[in-house]
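Visitor: Fold the following, please.
(chains A and B, ligands or ions: 2)
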Amino acid sequence: MGVSGTPRSVIQVSGIRKTYGTTVAVSEVSFEVSEGEVFGLIGPNGAGKTTTMECVEGVRRPDRGDISILGLNPFRDVYQVQNRIGVQLQQAQLQKRIKVWEAVDLWASLYSKSVDAARLLEQLGLADSRNAWFMTLSGGQKQRLFIALALINDPEVVFLDELTTGLDPQSRRAIWDLVRGIRDRGKTVFMITHLMEEAERLCDRVAIIEHGKIIDMGRPEELVGRHCPARTVVLATANALAEERFRAIPQVETVVRQGSQFTIRGLGEEFVSEVIQCLSENRIRVTDFRTMLPNLEDVFLKLTGHSIRD
Amino acid sequence: MLHGLWKLTWLEIKIFLREPLGAFGSIILPVLVFVVVGRFMGGRLPSRSIATSEFVRVGLPVFVSVLIALSGVLSLVTIVSIYREGGILKRLRATPLRPQTILTAHVLVKLVLTAVTMALSVLAGKRYYPINMDVPIFGFTMALLISTWSILSIGFVIASIVPTARFAQPIGAAILYPMIALSGLFVPLPSLPPALQALARVLPLTYAVSLLQGILKGEAWWAHRGDVAALTLVFVICTALSAKVFRWE
Ligand SMILES: Nc1ncnc2c1ncn2[C@@H]1O[C@H](COP(=O)(O)OP(=O)(O)O)[C@@H](O)[C@H]1O
Ligand SMILES: [Mg+2]
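Guide: Ligands and ions are numbered 1, 2, ... in the order given. The predicted structure follows:
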């Protein structure tokens, strides 16, 4: 926290652009990340997420635009920046026959400070594999090793690029817990994902990026409220007067009836409460009641006209 | 610059020796070839004509040394391209390690392996060789290290241009091995046609062979200052070139 009580901004990106030959990978991207927050860059494959992140890490140089991280310039002060951040790259590998402890030990020696390596391996569930070669590790173990390498220097900002892509749901959940643990230790996390569920569960704030441009940014619930304000209640009742009553609720837009099942769509935060109030005031007995809230997936569809997986 | 260099070098040596053919291919095999060929030729020709004895005494050790150096360079080209393709170079770069440190570590690994192989060959030669050799071990090893260092810098240029790791070995071999034919090792330079002579003079291996043969015969370093200068020039040019064209990913 800064002096004023508002969170300090640790990453500032303004107007960066990066092209590969004739491909414009990133254009006019600007955003800020505050201390202690989990910021997510979400978007389909090829949207320019990795390029953007690598520019902030100092691994890649944008053609245009300014980047500041921890008050430093990631190109001029690249070694100082590297010393204070932790990085997990998309699709990175290590030497096939390097042992887990050797990798962690090498990394620990490269930074001006390091956390206790044995404890870190313990926390990440790698203590039993410390003598295993990298090539013999499972996908989940490799990712946990990369997390260990990203945390070995007790970094102020952690970069995670598609951490759970290619993992089974169980390993994915385990990794999510680890990321929450990183956040709980007060670290700033800048992550990339193309899984909307992952973004919703982990990120305080997300930026949606497509074709190299940020198309919107905000807290997940904020984005949902802004772009997909419609709520849906699905309920079942035998009450003959129900349909009429539902149509009388001010926020209701449509009511669709299929036998005893009603699908009621409406707008606004209050909509679901209004439906419940209507049920209780009119003593309508229901045998089923579900709400369907839109999520980032729907926001993405609304903004781009296609699903993120296409 | 030195930050992390020794640790990385030592680690890369260990990793290399863990490879299925690592120690065997780079250390044991060259020593075996040296001893077996030397014994065979020495035993077959008990008359020891001048030419044979000259080849066994000077040509063969230099030939084997050049092979050791070239296999080191090829292995460097292969490792660098595999590391690049797997994103290992990129991962190492996203640390406070300097880029030069990462590459220097690989050069040191190859130099150490070359020196060890050389030392073992010479010891084996002393023990098993038909002709009693009086080898300037230290000087010769130095000459080999200088030659290897210089050719390794060519390796980085090759590693920069090979499209994928699969092609690293064949492309590297196609560039490096033909140099042996023109190096003066088997055919004396003056007996070559002028065009090939001119070509031989721009190939670094020619100077490496001249240096190695001279030092092995007991000639003075001063007499070979031209060779050392040429090898240094190759190193400087190739290092500058690969600093420009080297691809990390
Ligand atoms: N090294 C590169 N050379 C050429 N094109 C690249 C390179 N890296 C990325 N690209 C291209 O830039 C665009 C953005 O890529 P990237 O940032 O990796 O997207 P994302 O991480 O969102 O999938 C893609 O069209 C990709 O093909
Ligand atoms: Mg990516």
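
Visitor: For ligand 2, what is the nearest residue in chain A?
Guide: Nearest residue of chain A to ligand 2 (Cβ to the ion) works out as residue A:50 at 3.2 Å. Backbone N, C-alpha and C define where each C-beta goes, glycine included.

Visitor: How is that residue assigned, secondary-structure-wise?
Guide: helix (DSSP: H, G, I helix; E, B strand; the rest coil).

Visitor: any idea how far it lies from residue B:37?
Guide: 53 Å (Cβ to Cβ, to the nearest Å).

Visitor: With residue B:194 instead?
Guide: For residue B:194, the distance to residue B:37 - Cβ to Cβ - is 33 Å.

Visitor: So in chain A, which helix runs the longest?
Guide: Identified as the longest helix of chain A according to DSSP state H is helix A:169-184.

Visitor: Which helix or strand contains the residue nearest in space to the middle of chain B?
Guide: Centroid-nearest residue in chain B, with Cα atoms, centre = their mean: residue B:69, separated by 1.5 Å. If you go by DSSP states H and E, residue B:69 is part of helix B:60-85.

Visitor: and that helix, what other elements does it pack with?
Guide: Secondary structure elements in contact with helix B:60-85, counted by 3 or more Cβ pairs under 8 Å, 6 or more residues apart in numbering or on different chains; DSSP states H and E, are helix B:29-44, helix B:88-93, helix B:99-128, helix B:137-161, helix B:165-176, helix B:178-181, helix B:204-216.

Visitor: in chain B, what residue is nearest ligand 1?
Guide: At 6.4 Å from ligand 1, residue B:249 is the closest residue in chain B, using Cβ to the nearest ligand atom.

Visitor: Excluding covalently adjacent residues, which one is nearest to that residue?
Guide: Nearest in space to residue B:249, with sequence neighbours left out and distances taken as Cβ to Cβ, 6 or more residues apart in numbering or on different chains, is residue B:90 at 4.9 Å.

Visitor: count of neighbours near that neighbour?
Guide: 19 (other Cβ atoms under 10 Å in any protein chain shown).

Visitor: Now do the contacts for it.
Guide: A:59, A:89, A:92, B:84, B:248, B:249 (Cβ atoms under 8 Å, 6 or more residues apart in numbering or on different chains).

Visitor: Read off the pLDDT value for it.
Guide: Listed pLDDT for residue B:90 reads 91.

Visitor: With the one 3 residues further on instead?
Guide: Here the pLDDT value assigned to residue B:93 is 89.

Visitor: ditto for the one 10 residues further on
Guide: On the pLDDT scale, residue B:103 is placed at 88.

Visitor: Residue B:215: neighbouring residues, count only.
Guide: Neighbours around residue B:215, by other Cβ under 10 Å: 25.

Visitor: Not counting sequence-adjacent ones, nearest residue to it?
Guide: Per Cβ to Cβ, 6+ apart, closest to residue B:215 is residue B:143, 4.4 Å.

Visitor: what's around that neighbour, how many residues?
Guide: So residue B:143, with other Cβ under 10 Å, has 27 neighbours.

Visitor: so what's residue B:76 up against?
Guide: Contacts of residue B:76 by Cβ under 8 Å, 6+ apart are B:106, B:107, B:110, B:152, B:155, B:156, B:159.

Visitor: That one - nearest residue in space that isn't next to it in sequence?
Guide: Per Cβ to Cβ, 6+ apart, closest to residue B:76 is residue B:155, 4.6 Å.

Visitor: Residue B:181 now?
Guide: The shortest distance from residue B:181 to any non-neighbouring residue, by Cβ to Cβ, 6+ apart, is to residue B:187 (7.6 Å).

Visitor: Just want the phi and psi numbers for the one you found.
Guide: Note on residue B:187: its backbone torsions stand at phi -120, psi 120 [degrees, to the nearest 10].

Visitor: Which of the helices and strands packed on helix B:60-85 has the highest mean neighbour count?
Guide: Stretch with highest mean neighbour count among the helices and strands packed on helix B:60-85: helix B:204-216 (a mean of 24; mean count of other Cβ atoms under 10 Å in any protein chain shown).

Visitor: Remind me what it packs against, helices and strands.
Guide: Secondary elements touching helix B:204-216 (3+ Cβ pairs under 8 Å, 6+ apart): helix B:60-85, helix B:137-161, helix B:178-181, helix B:225-245.

Visitor: just how off-centre is the second one within its chain?
Guide: Here the centre of mass of C-alpha atoms in helix B:137-161, compared against the chain's by Cα atoms, centre = their mean, to the nearest Å, lies 5 Å away.

Visitor: now the angle from it to helix B:225-245?
Guide: 30 degrees (axes from the mean of the first three to the mean of the last three Cα atoms, to 10 degrees).

Visitor: who does helix B:137-161 touch, helix- and strand-wise?
Guide: Using 3+ Cβ pairs under 8 Å, 6+ apart, helix B:137-161 sits against helix B:60-85, helix B:99-128, helix B:165-176, helix B:204-216, helix B:225-245.

Visitor: Which one of those helices has the poorest average confidence?
Guide: Minimum mean pLDDT among the helices and strands packed on helix B:137-161: helix B:99-128, a mean of 84.

Visitor: quick one: the nearest residue to residue B:150 once chain neighbours are set aside from chain A, how far?
Guide: Spatial nearest neighbour of residue B:150, excluding adjacent residues (Cβ to Cβ, 6+ apart): residue B:231 at 4.0 Å. Going from residue B:231 to chain A by Cβ to the nearest Cβ, to the nearest Å gives 30 Å.

Visitor: could you show me where the helices are in chain A, in order?
Guide: A:49-57, A:78-84, A:100-110, A:117-123, A:139-151, A:169-184, A:196-202, A:220-227, A:242-248, A:271-281, A:296-304.

Visitor: Tell me the residues of chain B that contact ligand 1?
Guide: Taking Cβ under 6 Å from any ligand atom, no part of chain B reaches ligand 1.

Visitor: switch to 8 Å and redo it
Guide: residue B:249 (Cβ under 8 Å from any ligand atom).

Visitor: Check chain A too.
Guide: So chain A meets ligand 1 at A:18, A:20-21, A:23, A:25-26, A:41, A:43-54, A:90, A:161-162, A:192, A:194, A:209, A:212 (Cβ under 8 Å from any ligand atom).

Visitor: Return the angle between stretch directions for the helix holding residue B:69 and helix B:29-44.
Guide: Using the same axes, to 10 degrees: helix B:60-85 against helix B:29-44 is 160 degrees.

Visitor: and residue B:187, how far is that from residue A:283?
Guide: Residue B:187 is 108 Å from residue A:283, by Cβ to Cβ.

Visitor: out of these two, which sits in the more crowded spot?
Guide: residue B:187 (13 against 7).

Visitor: wait, doesn't residue A:234 sit right on residue A:258?
Guide: No: when contacts are counted by Cβ atoms under 8 Å, residue A:234 is not listed as touching residue A:258 (10.0 Å).

Visitor: The two: who's more crowded?
Guide: More neighbours surround residue A:234 than the other of residue A:234 and residue A:258, with 16 against 9 (other Cβ under 10 Å).
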